[in-house]
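J.: pasting the sequence and the predicted model now:
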2 protein chains.
Amino acid sequence: MNMSTLLNLPNFVELALSPEQLKRMSLSELEALSAQLRADLISSVSKTGGHLASNLGIVEITLALHRVFDSPKDKLVWDVGHQTYIHKMLTGRKERFDTLRQYKGLAGFVTPLESEHDSFVAGHSSTSISLAVGMAIARDQLAEKHKVVAIIGDGGLTGGMALEALNHLGHIQKDMIIVLNDNEMSISENLGGFSQYMKRIKETFFYKDIKEKLDLIEGELDEVKLEPQIWDLISTVKKQARNRIETPGIVFEKLGINYSGPIDGHDVKAVVDAFERVKDLSGPQLVHVITQKGKGYGPAEADAIKYHGVSAFTPEKVEPAPVVAEAKPKAKTYSQIFTEALIDIARINEKLVAITPATAEGSGLVQFGKEIPERFFDVAICEQHAVTMAAGLAKSGLLPVVSIYSTFLQRAFDQVIHDVAILNLPVIFGIDRGGLVEDGETHQGVFDISYMRSIPNMRVFAPRNAQELRNIIYTLSVEPKGPAAVRFPRDKAIDASGEMPFEKIDLTKWEWLTPSQDTTFPDKRPVLLAYGAMVDVAMNCKAELLNSGIDPVIINARSCKPMDVECLNNVLQNASKVITLEEGALTGGFGSGVLEYAMTLRLSKPKSKLAEIACLGIADNFVEHGARNILLQNCGLSKDRVVEFVRNYI
Amino acid sequence: MNMSTLLNLPNFVELALSPEQLKRMSLSELEALSAQLRADLISSVSKTGGHLASNLGIVEITLALHRVFDSPKDKLVWDVGHQTYIHKMLTGRKERFDTLRQYKGLAGFVTPLESEHDSFVAGHSSTSISLAVGMAIARDQLAEKHKVVAIIGDGGLTGGMALEALNHLGHIQKDMIIVLNDNEMSISENLGGFSQYMKRIKETFFYKDIKEKLDLIEGELDEVKLEPQIWDLISTVKKQARNRIETPGIVFEKLGINYSGPIDGHDVKAVVDAFERVKDLSGPQLVHVITQKGKGYGPAEADAIKYHGVSAFTPEKVEPAPVVAEAKPKAKTYSQIFTEALIDIARINEKLVAITPATAEGSGLVQFGKEIPERFFDVAICEQHAVTMAAGLAKSGLLPVVSIYSTFLQRAFDQVIHDVAILNLPVIFGIDRGGLVEDGETHQGVFDISYMRSIPNMRVFAPRNAQELRNIIYTLSVEPKGPAAVRFPRDKAIDASGEMPFEKIDLTKWEWLTPSQDTTFPDKRPVLLAYGAMVDVAMNCKAELLNSGIDPVIINARSCKPMDVECLNNVLQNASKVITLEEGALTGGFGSGVLEYAMTLRLSKPKSKLAEIACLGIADNFVEHGARNILLQNCGLSKDRVVEFVRNYI
């Protein structure tokens, strides 16, 4: 499909792409190239899925960066690396672009392992200014000469770490440049006083009316005879007013960061000029560039949130087709089930409030916000504040539910300990993306079992299917007695169809699945203790294991903390081999918990022979990107691999 | 000792102290009470130790808060609760004040478990605004009517979470009050563009010169004949200028927070008036109060940093004695040994840079800053930024060492994973206060082994004495090959005297202490695998165990990750009982690591009989405050308790 034709672009010859070539192009060639890159981007992402709107918005900025700066000598430090598709295309990766986010293909984020032009790894938000400060300090320490440029969105700037870094930079006054790509939204609509301030910058110079009145005074004074020094004085006042008061970036200036802008981010010449102006200046420079997410693709411009991260779709001719045929998911995701459960509970429990740190869309929680807006709080990319605010809510008598991705909750680890767990407050954590995800190293939700389990007072659950997710949250809501986490994978939910009335369940009990209740363990009959999503895998193993003459006992160990001690005592004392299964890091995980319990049981019953325990989970490495089923296979957690392990083990 | 006499204060009758009584006092009585409270504070803290300077600085603010607001109905939310001694005295705890920070005595921080006037727990910095936002939302949701007041220092305001919360508050515009206690220093001298901005607020209204010139123009214009509307216009301009431009808190105003101040924080009447003015206003209010740390006690005013947290000392008559006889520590602390090692290495390795998030004094790193200022970075209370900046430094070729307290590193858990470990960057973490500390729940450094061990690429060491701490850091500096953490307790170092030349050691090897090398394990001879500070405890157990006929093998397991596999294989396959010892949480800790390894060994050697393992460490509870030796005893980690355990176990 020729995208140039579709988008009514000049059908020019494809330009070979490299930073060097950009430097030789005329401005009109750069403009034409922007259009071409947009078309290529839409075409590629429609096949592979990925982040579309944010990358469409940053085309001109990226071209200007590579024209003005000299990567990789100059360091381009990208915040949340998902807005770097154009950067990847310009730095030797255009030919491989159709492998984006595929296993062993191009990563969805920046990573130095992929290109020397990627100066750092970035998947989480708000890291770029801190990294750039470090790089600028190192450059000066090592007497090197290159430029350091952090590229951050207005969403990323709401993150506490970015504000810490801005504050520090204002103090140490290193030579570096911050490009603020301001599209007025992070993943969802941007929030916060800071953001509203930024908005006002664009709408009006806030001293405009005072300046106009000064002009008026000046005009009137023309009529009367005045000493020349009075005119000088008026002129000085106006000049100072312009310099000091009209500065739209006064907040940045006050923090010690030199501000320039706002600049139209889709005017290549304006952006190039802005970068050229600050390139060689001393001290920290912030260039405020206004862009439009989804720029150049009608449906994405109209609904940038929907097109933030997309599955593969069919690109439409922009005009006149207004509706994009996006593939509907075949089954509900756990995120959807979670949100529906919250909405259903909120309708019968007026104390429930929902909190999200800028992931309302990804977590499905946007629906909660639509239906119960007065009890919905999107706090922007502020994981720490989200959790501690929830602590304040809980202490004051509400029942807060924090919906948060597994790896983002890492940002609020201290807050969970210090503000929630010490006072044993009833805060519910809905840990989304708990387990392996296609996004790669930065987003693998594999540590939450370990780090949440180590926190006193915390309970850590994982459901085996949609109904159980609903029941766990419901039970927590009717018996709020301390913090609890429920983790679920980024995937379609198991058994998600049909009516699912709430049922209160005994959260401390594990569930015997096969047999439904048994206390005898004939020799060689292994026990699979499966946690969360691994229950389904274990159940799928059963037929093949039976073919090999192995009849496994399968238990849904839905609570990794507290453990079901009664069940474990039974299993450990009566079975001969126990296998734990979890979609999480082996180090300190659910399996470790079982080993720890077995250790204490052995101390209290020194004479009894306990079952041998084997733990299956994710080894002590970072896991690359690729489809979840491939990653599960690689990590030894697919049906085939588990069957193979059990056969060998028995 | 009568402090009133010492300080030349009116020797008035001790006033019974309660919030109600404050409300009935005259202003002059309040002033006299401030002086009395200061004297009592100095007297008490001189006996118990504790935070002196910050509490001397906040006397009038605390009196004014309890006079104007109605605690516990109104919620006073204190940031870093160590500045609440006066608050405690005023809320029924004055009689017990001499038990401060003692085991089973008053806590050194606020905690609702101690008083209904403590609306939340606080030990770490920068939490109060988030908590107050949560409490204000809950209040409105539950249709309650009380006030919510966050009290935060200028240091706390550098923390990313506080800035996140400020930003969110500016957006949601809840009715609440922030009291900014601005003493221009956090623990050490305050840093950051924000802080410098705050300083400029106090020094001058930044538009002052423009306003003066407008006055001048006006004066000159008096001489000429002008239309009345011109005068009106000039007057309007000046008024708008005053309202909009001279606002010292323009940055706050721009973020949507109403600012008032600055107020003299040692003028009770001024502070009371300021609180009264904002008490019933709508929307978020920030009252900027200027105070002096150590106010009213000469030595503390002169050196507020030294008196931030003090051991028990002899209070001196303020005049004329200028020097305070502070008890010299008998031996060097691990913090001192750590800093000395860094300085020694930095002198031979010019790539080493040291980073601290506002704990330069506590960690001893202030000495590094004095001797090698160009490679010393105090980034303010910004743990996240500290770690990610270190990642940027490491990626650019330097060797950053982040000195950080165990519980504060929890704040940067995600940054360690996402910015340091994924790229396997050579960042060294010096984890101070790793283990039990007298400060209580919020400061117990007991989770670091678990959470650091779970991170791929991370190595986690703990030295048994001063020399080993030096050698570990030295070895890491000459072989930088990925992230590594070294944890050590808040205590005097073992074997800290004499010359300690650096020696490169094999970090992957554990050390056989008794016997010095042995591969035979006669029956009943238990193996103690001791980590870090527990090596000393294990060695101290030896004599008593020998008296009971038990001759233990003691191994210094200095690296909990990676494990010394060769040593462990030997021990697990040849000994019959192994006991792990660690001053950290059992859940996911060093002992768990040994259990995990034994599990994998059993899988690879299904026929061999492995040793039984017992793990000693800290149970799954928060540990209260009190002297470390008491806490070790309670947690089963003192010499007596370990001896008792081993005797029973064998």
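T.: It's in.
J.: and whichever residue of the stretch 1-150 of chain A sits closest to chain B, what's its pLDDT?
T.: The stretch 1-150 of chain A approaches chain B most closely through A:G134 (2.3 Å), counting by C-beta to the nearest C-beta. Every residue, glycine included, has its C-beta placed from N, CA and C. At A:G134, the model reports a pLDDT of 89.
J.: do A:E223 as well
T.: 60.
J.: which strands or helices does the lengthiest strand in chain A pack on?
T.: Longest strand in chain A by number of residues (criterion: DSSP state E): strand A:577-585. The contact analysis (3 or more C-beta pairs under 8 Å, 6 or more residues apart in numbering or on different chains; DSSP states H and E) places strand A:577-585 against helix A:448-453, strand A:527-530, helix A:534-547, helix A:590-604, strand A:612-618, helix A:639-649.
J.: which neighbours does the shortest one have in its sheet, and in what orientation?
T.: Right, the one you point to is strand A:527-530. strand A:553-556 (parallel), strand A:577-585 (parallel) (DSSP bridges).
J.: now, of those strands, which is deepest in the fold?
T.: Ranked by mean neighbour count under mean count of other C-beta atoms under 10 Å in any protein chain shown, the strands paired with strand A:527-530 are led by strand A:577-585, which reaches a mean of 27.
J.: need the strands paired with strand A:527-530 in TSV with distance to A:H385 and mean pLDDT, can you?
T.: Shown next, in TSV, are the strands paired with strand A:527-530 (distance: least, C-beta to C-beta, whole Å; pLDDT from 0 to 100):
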stretch	distance to A:H385	mean pLDDT
strand A:553-556	35	96
strand A:577-585	26	97
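J.: format the ones you listed as TSV; extra columns: distance to B:N457.
T.: Converted to TSV, the strands paired with strand A:527-530 look like this (distance: least, C-beta to C-beta, whole Å):
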stretch	distance to B:N457
strand A:553-556	33
strand A:577-585	13
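J.: which one of the ones you listed lies closest to B:E566?
T.: The closest of the strands paired with strand A:527-530 to B:E566 is strand A:577-585. By C-beta to C-beta, the value is 24.4 Å.
J.: centre of the chain to the closest one, how far?
T.: 27 Å (C-alpha atoms, centre = their mean, to the nearest Å).
J.: between that strand and helix A:639-649, how many degrees?
T.: Interaxial angle of strand A:577-585 relative to helix A:639-649 (axes from the mean of the first three to the mean of the last three C-alpha atoms, to 10 degrees): 140 degrees.
J.: A:F488 versus A:F338, what's the distance?
T.: Per C-beta to C-beta, to the nearest Å, A:F338 is found 7 Å from A:F488.
J.: one step back: what is the burial count for the residue of the stretch 1-150 of chain A closest to chain B?
T.: When neighbours are counted by other C-beta atoms under 10 Å in any protein chain shown, A:G134 registers 33.
J.: got the contact list for it?
T.: B:388-396, B:400 (C-beta atoms under 8 Å, 6 or more residues apart in numbering or on different chains).
J.: pretty sure A:H625 sits against A:T442.
T.: No - using C-beta atoms under 8 Å as the test, A:H625 is too far from A:T442 to be in contact (9.2 Å).
J.: contact partners for A:H124?
T.: Contacts of A:H124 (C-beta under 8 Å, 6+ apart): A:80, A:407-408, A:411, A:442, B:414, B:418.
J.: ramachandran angles for A:K145?
T.: In terms of degrees, to the nearest 10, the main-chain angles of A:K145 are phi -120, psi 0.
J.: near it, how many other residues are there?
T.: A:K145: 9 surrounding residues under other C-beta under 10 Å.
J.: gap between it and A:K73?
T.: From A:K145 across to A:K73, the span is 9 Å (C-beta to C-beta).
J.: what of A:G153?
T.: Where A:K73 is concerned, A:G153 sits at a distance of 25 Å (C-beta to C-beta).
J.: quick one, which of those two is more surrounded?
T.: Taking neighbours as other C-beta under 10 Å, A:G153 and A:K73 compare with A:G153 leading, 30 against 11.
J.: my read is that that one contacts A:G81, right?
T.: No - the pair A:G153 / A:G81 is not scored as a contact, 11.6 Å apart, by C-beta under 8 Å.
J.: checking A:V45 next. Helix, strand or coil?
T.: Classification of A:V45 by DSSP: H, G, I helix; E, B strand; the rest coil places it in helix.
J.: check contacts around it.
T.: Counting by C-beta under 8 Å, 6+ apart, A:V45 has contacts A:51-52, A:55, A:85, A:100, A:310.
J.: so which of those residues are in helices?
T.: A:55, A:85 (DSSP state H).
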